[in-house]
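1. need a structure here:
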Amino acid sequence: MTEPTKLLPSLLFFIFLCLIIYMADVDQKNWLMRLPKIIPFGDKVGHFTLYGLMAYLLNFTLSQRNITIRNYGIPLGSLVVLGFAIAEEFTQLAFESRTFDLVDLLFDVLGIYTFSKIQQYILKFPDH
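-> Modelled structure (predicted):
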């Protein structure tokens, strides 16, 4: 895949994620924002899945580039998404319609970690 083609899925998903954040910030009541209330633990499932997929896609875009911290390789895309997740959770303090929640942040981290590990596992087995 060419580099611009590799960027497109991450870019489109990031725009989608930003749209969801915006709708939550302005307290928009549409089917997408009601979905987490229908699914048991839907808010946590959403945090886990959205941030996990974002990390998966960004790691793919960055060709699974790692940053070494204390002799441990951490996917760069996962670190970028983690930084975004932390910043987004703290910005909720500025909105009346939003609630800062460390458990949401925990599910962001769990999603990022899980999807990154799944990606690393998949990459161990080349296509045959």
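
2. not counting the helix or strand of the chain with the lowest mean pLDDT itself, show me its contacts.
-> In the chain, no helix or strand scores lower on mean pLDDT, DSSP states H and E than helix 31-38, which sits at a mean of 84. Residues outside helix 31-38 that contact it (CB atoms under 8 Å, 6 or more residues apart in numbering) are 20, 23, 24, 42, 43, 45, 46. Where C-beta positions appear, they are placed from N, C-alpha and C, glycine not excepted.

3. Throw the residues you listed into a markdown table and include neighbour count and distance to residue 90, thanks.
-> What follows is the contacts of helix 31-38, written out as a markdown table (neighbours: other CB atoms under 10 Å; distance: CB to CB, whole Å):
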| residue | neighbour count | distance to residue 90 |
| --- | --- | --- |
| 20 | 15 | 17 |
| 23 | 14 | 19 |
| 24 | 17 | 14 |
| 42 | 13 | 22 |
| 43 | 15 | 17 |
| 45 | 15 | 22 |
| 46 | 18 | 18 |
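
4. tell me which two of those sit farthest apart.
-> 23 and 45 (17.3 Å; CB to CB).

5. what are the phi and psi values at residue 101?
-> phi -150, psi 110 (degrees, to the nearest 10).

6. hang on, isn't it packed against residue 88?
-> No: using CB atoms under 8 Å as the test, residue 101 is too far from residue 88 to be in contact (11.5 Å).

7. more neighbours, these two?
-> A direct count of neighbours by other CB atoms under 10 Å for residue 101 and residue 88 places residue 88 higher, at 19 against 14.

8. wait, that one touches residue 22, no?
-> No: using CB under 8 Å, residue 88 is not in contact with residue 22, being 10.9 Å away.

9. and for those two, which residues touch both?
-> With CB under 8 Å, 6+ apart as the test, residue 88 and residue 22 reach no residue in common.

10. flag the shaky bits of this protein, pLDDT-wise.
-> 1-2, 127-128 (pLDDT under 70).

11. please enumerate the strands of it.
-> Using DSSP state E, the strands of the chain run over 66-69, 72-75.

12. compare the ones you listed and give me the one nearest residue 120.
-> strand 72-75 (7.9 Å).

13. what's next to the closest one, contact-wise?
-> In this structure, residues lying in contact with strand 72-75 by CB under 8 Å, 6+ apart are 55, 59, 62, 64, 65, 66, 67, 68, 116, 119, 120.
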